[in-house]
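A.B. asks: Here is a sequence with its predicted model. Questions after.
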Amino acid sequence: MLERLPVPCLSETGLPVMHQLSVSGERPAVLLRALQSGVIPSGDLPELIAFAWTHDDSPTRGVSESEWIEVFERAGFFTYPPVGTGRPSAPVTIYRGSTAERAARMSWTADRNMAVQLGARHTRYGRTWLYKATVRPDAVLAYLERRDEGWTVVVNPAGLSQIEHREELLPR
């Protein structure tokens, strides 16, 4: 089990941004606009990014992957909530349950069973598969914990390799 570290408090500047994220139906777009306007202190970025990413079922719908990569890179590698670990030092094996056209995206997990569970929810969009891949350590952008869904490994898809089509997932 990883040691959880204290979550830093948001700054006085970050609190209004969190409020905007909390009431918005477009959290990723609100975060991007606030970041581009320069109102978010760098110390607040991990919490605000984690909130926007994990409270939206499709965070790349209103903000492109390239924009998200810029956001994550501006924050630097982080875990949220903070745990006693740094960026991986070796390639990481990760899994994703997805339709074929969405296989090489940003959200993955290191837990195969969680990928199967999450992928089964997407069968309504078409045939869904379990994918296994390797990601370079420098392409791991963040580890974000989702309530009851374990840790999401957020990656820059350019760092993915050896993407294997494993098995078809069926609705649950």
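C.D. replies: That came in fine, so what should we check first? Numbering: from 1, shown residues only.

A.B. asks: Go ahead and list the helix or strand containing S161.
C.D. replies: strand 160-169 (DSSP states H and E).

A.B. asks: which ones are touching the closest residue to S11 other than its chain neighbours?
C.D. replies: Once flanking residues are discounted, S11 sits nearest to P41: 5.1 Å by CB to CB, 6 or more residues apart in numbering. (Each C-beta comes from the backbone N, C-alpha and C, glycine too.) Under the criterion of CB atoms under 8 Å, 6 or more residues apart in numbering, the contact partners of P41 comprise 11, 13-14.

A.B. asks: mind giving me the domain split of this protein?
C.D. replies: 14-80, 92-169 (automatic domain parsing).

A.B. asks: partner residues bridging the most centrally placed residue in the chain?
C.D. replies: With distances taken as CA atoms, centre = their mean, V154 lies nearest the centre of the chain, 3.9 Å away. V154 has these beta-bridge partners by DSSP bridges: S107, A142.

A.B. asks: Pretty sure R146 is one of the things it touches, is it not?
C.D. replies: No: with contacts counted by CB atoms under 8 Å, V154 stays clear of R146, the gap being 11.2 Å.

A.B. asks: So the residue located most distally from the centre of the chain: helix, strand or coil?
C.D. replies: The C-alpha centroid of the chain is most remote from E12, which lies 25.4 Å away (CA atoms, centre = their mean). Following DSSP: H, G, I helix; E, B strand; the rest coil, we place E12 in the coil state.

A.B. asks: what separates it from E47, distance-wise?
C.D. replies: From E12 across to E47, the span is 14 Å (CB to CB, to the nearest Å).

A.B. asks: Excluding chain neighbours, give the residue nearest to S161 in space.
C.D. replies: T134 (5.2 Å).

A.B. asks: One more: G86?
C.D. replies: F77 (7.1 Å).

A.B. asks: what do you get for A34?
C.D. replies: Among residues not flanking A34 along the chain, V17 sits closest, at 4.8 Å (CB to CB, 6+ apart).

A.B. asks: Let me see the contact set for that neighbour.
C.D. replies: So V17 contacts 30-31, 34, 39-40, 44, 48 (CB under 8 Å, 6+ apart).

A.B. asks: Can you list the buried residues in the one helix or strand it maps to?
C.D. replies: Using DSSP H and E, V17 sits within helix 14-23. Across helix 14-23, burial judged by 16 or more other CB atoms under 10 Å covers 14, 17-18, 20-21.

A.B. asks: What is the very next helix or strand once past it packed up against?
C.D. replies: Counting by DSSP H and E, the element after helix 14-23 in chain order, helix or strand, is helix 27-36. With contacts defined as 3 or more CB pairs under 8 Å, 6 or more residues apart in numbering; DSSP states H and E, the packing partners of helix 27-36 are helix 14-23, helix 45-54, helix 65-75.
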